[in-house]
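J.: The amino acid sequence is not available; the structure is as follows:
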């Protein structure tokens, strides 16, 4: 029994030593639109929402729904969907003023796009009562990842995961 254990020990140490933390690959991104000031007119989202838009038709319809009560209707920022995707992030309805999405950190790890954000100020801070809906539209490169995880920057808590077909 001792011989087997002694023979297995170098193998176990080699496996543990060879195991590496996956590398983080940086991703260049562009914020197409950020709603940090005005209430969002499209009130269909009650909680955190993560959506990946991969074609022009869906993107245009989605953009019009975001701005449904505005006149004249704004034009959606131009996107080349042969090379890019658009990521929509929203925490949903907030009952406080001055709330916004902060600390945006985006990278790829194990073929998964990791998006880390925080609310600023904290959702528990005392602020004036106003219902707002803040969001980000982010332009990202297309063929580098198979899914998206949206996490809290501070604790790493997972809010949403979306897999790409």
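T.: All right, it came through fine. Predicted model only: the values in this text are computed from it and were never measured.

J.: what's the helix or strand for residue 62?
T.: Per DSSP states H and E: residue 62 is located in helix 56-66.

J.: That helix - what's its average pLDDT?
T.: Average pLDDT, helix 56-66: 91.

J.: which helices and strands sit right next to it?
T.: strand 49-53 (3 or more CB pairs under 8 Å, 6 or more residues apart in numbering; DSSP states H and E). Glycine gets a C-beta too; all of them are placed from N, C-alpha and C.

J.: Could I get the buried residue list for the strand it packs on?
T.: 49-53 (16 or more other CB atoms under 10 Å).

J.: again with stretch 139-153
T.: Under the neighbour-count criterion of 16+ other CB under 10 Å, stretch 139-153 has 139-140, 145, 148-151 buried.

J.: quick one: the closest residue to residue 55 other than its chain neighbours from residue 144, how far?
T.: Spatial nearest neighbour of residue 55, excluding adjacent residues (CB to CB, 6 or more residues apart in numbering): residue 81 at 5.6 Å. As judged by CB to CB, to the nearest Å, residue 81 and residue 144 stand 15 Å apart.

J.: again, but for residue 80
T.: Remark: distance between residue 80 and residue 144 (CB to CB) = 15 Å.

J.: And residue 71, by the same measure?
T.: Distance from residue 71 to residue 144, by CB to CB: 38 Å.

J.: before we move on, back to that, which one of the buried residues of stretch 139-153 sits closest to residue 27?
T.: Comparing the buried residues of stretch 139-153 against residue 27 with CB to CB places residue 140 closest, at 6.5 Å.

J.: how about that closest one, phi and psi?
T.: Main-chain dihedrals, residue 140, degrees, to the nearest 10: phi -130, psi 150.
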